[in-house]
Each structure stands twice: as structure tokens, then as C-alpha cells.
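Novice: dropping the sequence and predicted coords here.
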Amino acid sequence: MSFNRSADPDFRRQVTTLAAIIGSIVVNTISNIFPPNGLNVGTLSNTLLAPVQITPANYAFSIWGLVYSGLIGFGIYQLQPSQKYNSRLQRCGYLLTIACVSQCAWIYLFLARLFPLSVVAMLGILVSLIVMYQSLGIDRERVSQLERWFVQIPISIYLSWISVATIVNIASTLYIRDWNGWEIPPTVWTVIMMSVAAAIAAVMLIQRHDLAYLLVTIWTLTAISIRQVHTPFIAVMGLVLTISLILFGLSLQLKPSLNAR
């Protein structure tokens, strides 16, 4: 019986997914306690990569606590026998496992200062999550509240954070490579990239009604503005983008109520 269960591809997917989530948390924890070369990701961002203006303030990275809490909830939920043949989770396959493995690779590539390769790993996380987001059919298929809270919202939060993290990772790599930005000032590039992140969040809200994705983007843009408080152009534009997203989100949330009247 136990052999048959272990040979079951759906059960194997469930166990592998949970193991990958736990493994990524362990690797991240170890990399912070025993960082290679004595520098963890935060320290490296605040020293060697300090001039990269799109990097959020340090407090923003506390969102990893929320990301990992959501992923643990996801892992436990999808492991339930009742979710074994959930078609949406079956469609996702090993995508979250790929994202977690890519994240582990990213940590050590980044800490080894192999920044171009770290971008490749980051894209591995991003692409896996994008395909997974599509496979889950967020706002396309009716699901239970439990599935919404333990599957859809954790992936939305993770994807939103990684979307901005990818921009930061690419910007850091270009900085290390001494890219001149086609003579466009770094402050302008920073605002352009912040605007891109805000636009993506707005599209996600319009097309998917994804409030979780929007809130994480607002969190990140606010943190960038705070870090760059002494660079008025970035700080003010970040504030404008943040307020615009908040008002836009409120308008869409209130619209059904207004129509009902």
C-alpha cells in the first residue's frame, strides 16, 4: 500500500512541493546565518549595491516572512488528500518546486557575486510563477475561500514581490557591469521602472481583480520612496505612483457598490 502511494504521481507532486518549500526556507535561513564571504543579501545590497536607486528600504524585505508563511500554508493545503486531484493544482505540476529550486540557486549565485547568472535564476522564479498564476486560473475559475486564501493569495504575493525583485536584480547587474543607461540618468531609469511595476499592478487589478498583487507593489514602491527620500524626484514620483494605485484600487472596489445602487 505504501509503495503504491509513493508511486502515485499526484502524491509525489504534493510531497515534492512541500519539500521544496521547506528546503527554500532552510537555504534562505542558512544563507543569512552563515553567509558565504561573510555577507548576506541584505548586507551586500547595502554596501556594494547601495547606489542602485530602485532597491527598497531594508524594512521592505520583511515581506519574506509573509511570503514564506503563505507558501507553508500552500504546501500544507495542497498536501491534503482532498486536494490530490484538484485540477488547478495538477495543472501547476512542479512549477512551484522549480521556483523554489531557482530561488535557492539565486541566493548563492547572488552572494557569490555572479550577478548575470543570478538574473537567469531570478527569471527562472519569475517565469515559473507566471505560468503557475495562469494555471491556477485566478479570477477565471470559481474556487472555495480556502483555496483562495491558501493557494491563490500566496502565489499572488510571491509573484508580485518577485516581479519587482527581478527589476532590482537586473538593475544591480547593470550597475556592476557599468552600463551607462544610454546616457539616461539613473534617477530617470528608476522612475521608469517604478512606473512599469505600477502599470503591471494596475493591469493585474483590472484583468484579475488581484488586490494582493496590488498591495505588495504598493508596499514595495513606498519602500523605494523612503530609501530615496533624499532624492526628491524618485521620492515624489514614488509617492505619486503609490497614491495613484491606492485610489485606483479603491475606485474599482467601490464600483460594484455604486453600480448596485
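Specialist: Structure received.

Novice: pretty sure Ile125 contacts Ala105?
Specialist: No - between Ile125 and Ala105 there is no contact under C-beta atoms under 8 Å: 9.2 Å. In this view, the C-beta of every residue, glycine as well, is placed from N, C-alpha and C.

Novice: and the nearest residue to Thr47 once chain neighbours are set aside, how many neighbours?
Specialist: In this structure, Thr47 finds its nearest non-sequential neighbour in Leu39, 7.3 Å apart by C-beta to C-beta, 6 or more residues apart in numbering. For Leu39, the count of nearby residues is 15 (other C-beta atoms under 10 Å).

Novice: likewise for Trp161?
Specialist: Around Trp161 there are 22 residues (other C-beta under 10 Å).

Novice: tell me how far the residue nearest to it when sequence neighbours are not counted lies from Ser156.
Specialist: Once flanking residues are discounted, Trp161 sits nearest to Val216: 5.5 Å by C-beta to C-beta, 6+ apart. According to C-beta to C-beta, to the nearest Å, Val216 stands 8 Å off from Ser156.

Novice: which helix of the chain spans the most residues?
Specialist: helix 232-260 (DSSP state H).

Novice: buried set for that one?
Specialist: Buried residues in helix 232-260, counting neighbours by 16 or more other C-beta atoms under 10 Å, are found at 234-235, 237-238, 240-242, 245, 248-249.

Novice: ok, now stretch 26-36?
Specialist: Buried residues in stretch 26-36, counted by 16+ other C-beta under 10 Å: 27-28, 31, 35.

Novice: pLDDT on that stretch, on average?
Specialist: Here stretch 26-36 scores 92 as its mean pLDDT.

Novice: so which residues make contact with that stretch?
Specialist: 40-43, 64, 68, 103-104, 107-108, 111-112 (C-beta atoms under 8 Å, 6 or more residues apart in numbering).

Novice: of the residues you listed, which belong to helices?
Specialist: Going by DSSP H, the helices hold 41-43, 64, 68, 103-104, 107-108, 111 from those.

Novice: widest-spaced pair of those residues?
Specialist: Greatest spacing in the ones in helices among the contacts of stretch 26-36, by C-beta to C-beta: Thr43 and Tyr68 (20.1 Å).

Novice: which of the two has more neighbours?
Specialist: Counted by other C-beta under 10 Å, Thr43 and Tyr68 do not tie: Tyr68 has more neighbours, with 18 against 14.

Novice: contacting residues around that one?
Specialist: 21, 25, 28 are the contacts of Tyr68 under C-beta under 8 Å, 6+ apart.

Novice: switch the cut-off to 10 Å
Specialist: Tyr68 sits next to 21-22, 24-25, 28-29, 154, 158 when contact means C-beta atoms under 10 Å, 6 or more residues apart in numbering.

Novice: and these, which of them are buried?
Specialist: For the contacts of Tyr68, a neighbour count by 16+ other C-beta under 10 Å gives the buried set as 21, 24-25, 28, 154, 158.
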